[in-house]
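# Generate coordinates for the sequence data below:
(2 chains)
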Amino acid sequence: MISLNSYLMVSAALFACGLACILVRKNMVQILMGVELVLNAATLNLVAFSHFNHSLTGQVVALFVIVIAAAEAAVALALVLAVYRLYKTVDITQMKDLKG
Amino acid sequence: MSDTLYNLIFLLFAALTIGSAILVVSLNNLLHAAVSLFFCLSGVAALFVLLGADFLGVIQLLAYAGGILVLIIFGVFLTARIQEGTEFEVSEKKMPIAIGSAIAFAIFIVITLIVSKVDWPETTRTFESTTKPLGDLLLSKYLLPFELVSILLLFAMVGAAIIVRKEIGDEK
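I've put the predicted structure just below:
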């Protein structure tokens, strides 16, 4: 009864929630939470295919995705902190100027 | 493990994961959203274990729920605004919320429809320990991505430290 389709639907729901978080939210840290949700959806997809196709390649790639997500979260939060120090806000609708 | 027990546990963890993902989007309090993101990541780790990826489930708990989530909570606390009053965390107008949610829901429906129409090939599912095979693969077949990812981590560390560094004369 629980087949590959069930895991892919859970992954699609996670992706949709992360996408809604990125599109709707104003706070930069919450947009980063949405990006993490999207990455988790992709990782769940990879591991599901790896299990149902009896191969370990999906799990290796999922491991690399987790590591890259950690590096990206660190740099993104450093950027958010630098922007907060400069503009005193983390509201993304206030970032309207292209000139620094 | 019997089939119904597996299905029940899968439904439980899938409901936990999707429910807390919806809470991450809809909660206005940022710290509450971070806590529900923790439950979402733990649910995904449980789904990994249900898929036979035991090593990856533990790594998900260590690196995601114990590393990246702590970073996000640091970001929440370091950028908390204390001088303003209550401010909506979502765009004030209703139209952007409706359009964003409609787009996300449409993408979910499209992906589910496409996936359910594909005839996935049936293979046998095995549950065996993956730590040693993953270690062998990482050091033999995927050695180059492994080394490149460690260099990437070094760059990310140095880059993040440089971006956050205070310049001389910045203290006013």
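# what's the spacing between the residue nearest the centre of chain B and B:I107?
Residue closest to the mean C-alpha point of chain B, counted by CA atoms, centre = their mean, is B:L41 at 5.5 Å. Using CB to CB, to the nearest Å, B:L41 is found at 22 Å from B:I107. Where you see a C-beta, it was placed from the backbone N, CA and C, and this is true even at glycine.
# where does the chain have low pLDDT?
Looking at chain A here, since you left the chain open. Applying pLDDT under 70 to chain A flags the ranges A:100.
# other chain: chain B
Along chain B, the parts satisfying pLDDT under 70 run over B:1, B:81-93, B:168-172.
# go with 80
B:1-2, B:81-95, B:122-124, B:166-172 (pLDDT under 80).
# Let me see the ranges of the helices in it.
B:3-26, B:30-50, B:54-59, B:69-78, B:94-117, B:131-140, B:143-164 (DSSP state H).
# closest one to A:L56 among those helices?
For A:L56, the closest of the helices of chain B is helix B:131-140, at 5.7 Å, according to CB to CB.
# all helices for chain A, in order.
For chain A, the helices defined by DSSP H cover A:4-24, A:28-52, A:57-87.
# Now do the buried residues in the last one.
It stands for helix A:57-87. A:58-67, A:69-74, A:76-84 (16 or more other CB atoms under 10 Å in any protein chain shown).
# In this structure B:L153 contacts A:E72, no?
No: if you go by CB atoms under 8 Å, B:L153 and A:E72 don't touch, sitting 10.8 Å apart.
# shouldn't A:A13 be in contact with B:A21?
Yes: A:A13 is within contact range of B:A21, at 7.0 Å (criterion: CB under 8 Å).
# Turn the helices of chain A into CSV, columns for distance to B:V70.
Compiled in CSV, those are given as follows (distance: least, CB to CB, whole Å):
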stretch, distance to B:V70
helix A:4-24, 19
helix A:28-52, 12
helix A:57-87, 10
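# In TSV: those helices, plus distance to chain B.
Below are these laid out as TSV (distance: least, CB to the nearest CB, whole Å):
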stretch	distance to chain B
helix A:4-24	3
helix A:28-52	4
helix A:57-87	4
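# quick one: contacts for the residue nearest to B:A161 when sequence neighbours are not counted?
In space, and not counting its chain neighbours, B:A161 is closest to A:A78: 7.7 Å by CB to CB, 6 or more residues apart in numbering or on different chains. Shown in contact with A:A78 (CB atoms under 8 Å, 6 or more residues apart in numbering or on different chains): B:159-161, B:163-164.
# what's the answer for B:L78, then?
Taking CB under 8 Å, 6+ apart, one finds A:81, A:84 in contact with B:L78.
# That one and B:A46: what is the separation?
In this view, B:L78 and B:A46 are 30 Å apart by CB to CB.
# now do B:V164
Distance of B:V164 to B:A46, computed by CB to CB: 34 Å.
# Neighbour count: the two, which is higher?
B:A46 (20 against 15; other CB atoms under 10 Å in any protein chain shown).
# is it true that that one touches B:A15?
No: applying CB under 8 Å, one finds B:A46 not in contact with B:A15, separated by 11.4 Å.
# CA atoms only for stretch A:31-42, dumped as PDB, please.
C-alpha atoms of stretch A:31-42 as PDB (Å, rounded to 0.1, in the frame of the first residue of the first chain):
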ATOM      1  CA  ILE A  31      12.600  32.700   4.000                       C
ATOM      2  CA  LEU A  32      15.700  30.800   4.900                       C
ATOM      3  CA  MET A  33      13.500  28.300   6.700                       C
ATOM      4  CA  GLY A  34      11.500  27.900   3.500                       C
ATOM      5  CA  VAL A  35      14.700  27.200   1.600                       C
ATOM      6  CA  GLU A  36      15.600  24.500   4.100                       C
ATOM      7  CA  LEU A  37      12.200  22.900   3.600                       C
ATOM      8  CA  VAL A  38      12.700  22.800  -0.200                       C
ATOM      9  CA  LEU A  39      16.100  21.100   0.200                       C
ATOM     10  CA  ASN A  40      14.600  18.600   2.600                       C
ATOM     11  CA  ALA A  41      12.000  17.700   0.000                       C
ATOM     12  CA  ALA A  42      14.700  17.100  -2.600                       C
END
